[in-house]
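Engineer: test case, fold it:
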Amino acid sequence: MQSYIQFIDKAMALRRQGRTYSEIQELLTVKVPPSTLSTWFKQLQLSHQEKDLISFHGKERIRNGSIKASATRKLAKKKRLEIIYKENLYLKEALDDNEVAKITLVMLYLCEGSKHQSASLCFGNSNPGIIHLFLQLLRQCYKIDEKKLRCTVQCRADQDTEVLISFWSRITLIPINQFYRSRIDKRSVGVPTKKPDYKGVCRIDYFSAALYNELKIVGELLSEGL
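Structural biologist: You can find the predicted model right below:
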């Protein structure tokens, strides 16, 4: 059986410094069994200050361990998401097929579009990517009249409407002169916006009863199932 007696004095000194068992094993450069350390430290008389140091170092080690574990989990998740992204990247090319694009457009409209207006399409979302995708598919699948497009920004009271209109104009490629007056949520007056990246909701209107009816009917066909 290996003897660790030559390390006892140094271990005692480290314990008085508030070191945890794991730290002592690392600093001794030899893994003295916890049971051996426990036996040694039973005869050690510690002051309140030394006990507080031990408690502090123990909590610090747990906290640092949690931080490292969290970082490891985040890295592992990032790698998993990167794999999923690469495996499905080819699906973007599927949208080049107009039939696939049309089905995607209809499904988007079923989820986020208004079904209560028969004279026009009405689609709204706060996600710039979703708004961009909707308009991209609309322009790809149909020969639309750009002058029939209108935008309305729905936002909070403390937001700069001119900045928001400029932002959504860049996303939608719709001229600012085709934007209606912004609508401000009265419930947000006096309540600061907590999300700095929030750009409000962009509502798109396209005045075409024929296009509305087509998307509506295709949506009904798709939702009937097989």
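Engineer: I'd like to know which elements the longest helix seen in the chain is packed against.
Structural biologist: Of all segments of type helix in the chain, defined using DSSP state H, the longest is helix 48-88. For helix 48-88, the packing partners by 3 or more C-beta pairs under 8 Å, 6 or more residues apart in numbering; DSSP states H and E come out as helix 8-16, helix 21-28. The way it works is simple: take the backbone N, C-alpha and C, and place the C-beta from them, glycine included.
Engineer: hmm, who's touching the helix or strand just after it?
Structural biologist: As assigned by DSSP states H and E, the chain's next helix or strand after helix 48-88 is helix 91-94. Residues outside helix 91-94 that contact it (C-beta atoms under 8 Å, 6 or more residues apart in numbering): Val100.
Engineer: chain center to helix 91-94: distance?
Structural biologist: When distances are taken as C-alpha atoms, centre = their mean, to the nearest Å, helix 91-94 is centred 23 Å away from the chain's centroid.
Engineer: same check on stretch 214-221?
Structural biologist: The mean C-alpha position of stretch 214-221 is separated from the chain mean by 32 Å, C-alpha atoms, centre = their mean.
Engineer: now do stretch 99-115
Structural biologist: How far stretch 99-115 lies from its chain's middle: 24 Å, per C-alpha atoms, centre = their mean.
Engineer: repeat that for stretch 9-24.
Structural biologist: 43 Å.
Engineer: residue numbering should commence at 31 henceforth.
Structural biologist: Right, with 31 as the first residue, what we last looked at is stretch 39-54.
Engineer: and it, what's buried?
Structural biologist: Residues of stretch 39-54 classed as buried by neighbour count (16 or more other C-beta atoms under 10 Å): 41-42, 44-46, 48-51, 53-54.
Engineer: which of those residues scores worst on pLDDT?
Structural biologist: Lowest-confidence member of the buried residues of stretch 39-54: Gly48, scoring 78 (pLDDT).
Engineer: what sits against that residue?
Structural biologist: Per C-beta under 8 Å, 6+ apart, neighbours of Gly48: 80, 82-84, 86-87.
Engineer: ok, the residue nearest to Leu165 when sequence neighbours are not counted to Leu119 distance?
Structural biologist: With C-beta to C-beta, 6 or more residues apart in numbering as the criterion, Leu165 has its nearest non-adjacent residue at 5.7 Å, and that residue is Thr202. Here Thr202 is placed at a distance of 25 Å from Leu119 (C-beta to C-beta, to the nearest Å).
Engineer: same drill for these two, tell me which one is more crowded.
Structural biologist: A direct count of neighbours by other C-beta atoms under 10 Å for Thr202 and Leu119 places Thr202 higher, at 19 against 9.
Engineer: which residues sit in contact with that one?
Structural biologist: 161-162, 165, 179, 181, 232, 234.
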